[in-house]
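S.K.: I need the structure of the sequence given here:
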Amino acid sequence: MAIVGETLLTRVEVARLLNVSPQTLSAWGMRKRNIPFVKCGKLVRYRLPDVQNFIESRLVGVGGDEER
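M.R.: Residues are numbered from 1 along each chain as shown. Now for the predicted structure:
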């Protein structure tokens, strides 16, 4: 797994992308519903492909599924 050269996003940047608060991302992490992240000391960073996979894994209506 090569991380060098990958885009790492802050919690605030990811929260903006998902239109949620940074506190919501933290809460998701405590409930094991989180996006994988990189932790270095107190810093938390998210890889862009992990954020994209998180979004894609929650698509509704793909392949004939409809929102219930």
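S.K.: tabulate the CA atom coordinates of the longest strand along the chain in PDB.
M.R.: When the chain is parsed with DSSP state E, its longest strand is strand 43-47. C-alpha atoms of strand 43-47 as PDB (Å, rounded to 0.1, in the frame of the first residue of the first chain):
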ATOM      1  CA  LEU A  43      -3.900  14.400  13.600                       C
ATOM      2  CA  VAL A  44      -6.500  12.500  11.700                       C
ATOM      3  CA  ARG A  45      -6.400  12.400   7.900                       C
ATOM      4  CA  TYR A  46      -8.500  10.600   5.300                       C
ATOM      5  CA  ARG A  47      -7.400   9.100   2.000                       C
END
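S.K.: now the least confident helix or strand in the chain by mean pLDDT: buried residues?
M.R.: In the chain, the helix or strand scored least confidently by mean pLDDT, DSSP states H and E is helix 22-30, which has a mean of 85. For helix 22-30, burial by neighbour count (16 or more other C-beta atoms under 10 Å) applies to residue 25. Every residue, glycine included, has its C-beta placed from N, CA and C.
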